[in-house]
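[1] my questions concern the predicted model and sequence given below.
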Amino acid sequence: MSTNVLVTGGSGFIGTWVLRELLQRGAQPVVVDTQPPPPRWGRILGRDSERIVRADASLLDRQSLLAAIEQYHIRHLIHLAALLTPACQDDPWLGCQVNVLGSATVFDAARLSGQVRSVAYASSYAVYGPEVGDLAAEENRPPSFYGAYKQAVDQMAEQYWRHFQMASVAVRPHVVYGPERDQGLTAGPSLAARAAALGQSYTIAYTGRVGYDYVEDVALAFVRAAFECPSGATVVDLPGELATSEEFARAIEAAVPAARGTIHVDGPAIPANIPPRPRFIRELFPDWQAMSLRDGVRKTIEFYR
């Protein structure tokens, strides 16, 4: 019998790739999402998308989520659903409802069920501020509501382990890129890769040097965190290959020489979000191997071709 895994936010970009990883492992995904099945399911999952079960539950209704956990005999939970930075900045109250209260619903329903063995959930480099050096420990703070909400959930997860022994792993990606990334400011590099594959021009609308994580690596991190979750409330940072927007553009041009001169960069610098004391995922999984930026860009372009 396959392992049943509940995935919140399964209709999203990362969620779709998590479903793909689960299906390839023979697990049974059960999705909780306010959005209907997206077209990307067909493009990424193909006919396997027909195997996905959608549960009638809400992140803001603990009883309905608990009922879904019990109905589908859930043993592992992957929590991805959240509003992103722009939405949280535009409406902090709604962002708090979805990102903080929704996460509390997930953890408490898992606790009350008595059958969930682990929770893997999405934290973010947004919890980190730009500070480095000797003052980082005291001054490194989230620069956005989104980052503050993610930090709150990390602290809440620690309390669920401390008081109820609910084991969890928080996975912190930086900028996730790859096929079908199309929402948010940092979708720019992924959209630029798509444009190059289709012979179109594109401008990445931000500057700055950040870490880039290929989406298949990110999906694998969540699935392994769910299935191989240790005791405690663990937090891991994905390594993220550091690159400027210009360097990302050059990686696209290296994969598509005909795109040279068609991928541009223009816009404000985004926060570097520097971990003062990183705990990289290799500490949890010593065999972890991240895809290089060049290879991830090439795979993204091949997908669209």
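    That came through, no problem.

[2] give me the nearest residue to Leu80, chain neighbours excluded.
    Nearest non-adjacent residue to Leu80, counting by C-beta to C-beta, 6 or more residues apart in numbering: Gly9, 3.6 Å away. Placement of C-beta: from N, CA and C, glycine included.

[3] and for the one you found, the neighbour number?
    For Gly9, the neighbour count with other C-beta atoms under 10 Å is 23.

[4] check contacts around it.
    Shown in contact with Gly9 (C-beta atoms under 8 Å, 6 or more residues apart in numbering): Gly15, Val32, Asp33, His79, Leu80, Ala81, Ala82, Ala122.

[5] where does the stretch 101-250 of the chain dip in pLDDT?
    Across the stretch 101-250 of the chain, the ranges flagged by pLDDT under 70 are 130-140.

[6] now with 50?
    Within the stretch 101-250 of the chain, the ranges that satisfy pLDDT under 50 run 131-137.

[7] neighbour count and secondary structure added to the contacts of Gly9, as a markdown table?
    Formatted as a markdown table, the contacts of Gly9 follow (neighbours: other C-beta atoms under 10 Å; DSSP: H, G, I helix; E, B strand; the rest coil):
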| residue | neighbour count | secondary structure |
| --- | --- | --- |
| Gly15 | 26 | helix |
| Val32 | 26 | strand |
| Asp33 | 20 | coil |
| His79 | 27 | strand |
| Leu80 | 23 | coil |
| Ala81 | 25 | coil |
| Ala82 | 25 | coil |
| Ala122 | 27 | strand |
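
[8] where do the helices sit along the protein?
    13-24, 39-45, 62-71, 85-90, 92-96, 102-113, 136-139, 145-164, 188-197, 215-227, 245-255, 293-304 (DSSP state H).

[9] as CSV, those helices with distance to Gly208 would be great.
    Converted to CSV, those look like this (distance: least, C-beta to C-beta, whole Å):
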stretch, distance to Gly208
helix 13-24, 21
helix 39-45, 27
helix 62-71, 38
helix 85-90, 14
helix 92-96, 23
helix 102-113, 28
helix 136-139, 18
helix 145-164, 16
helix 188-197, 11
helix 215-227, 20
helix 245-255, 7
helix 293-304, 15
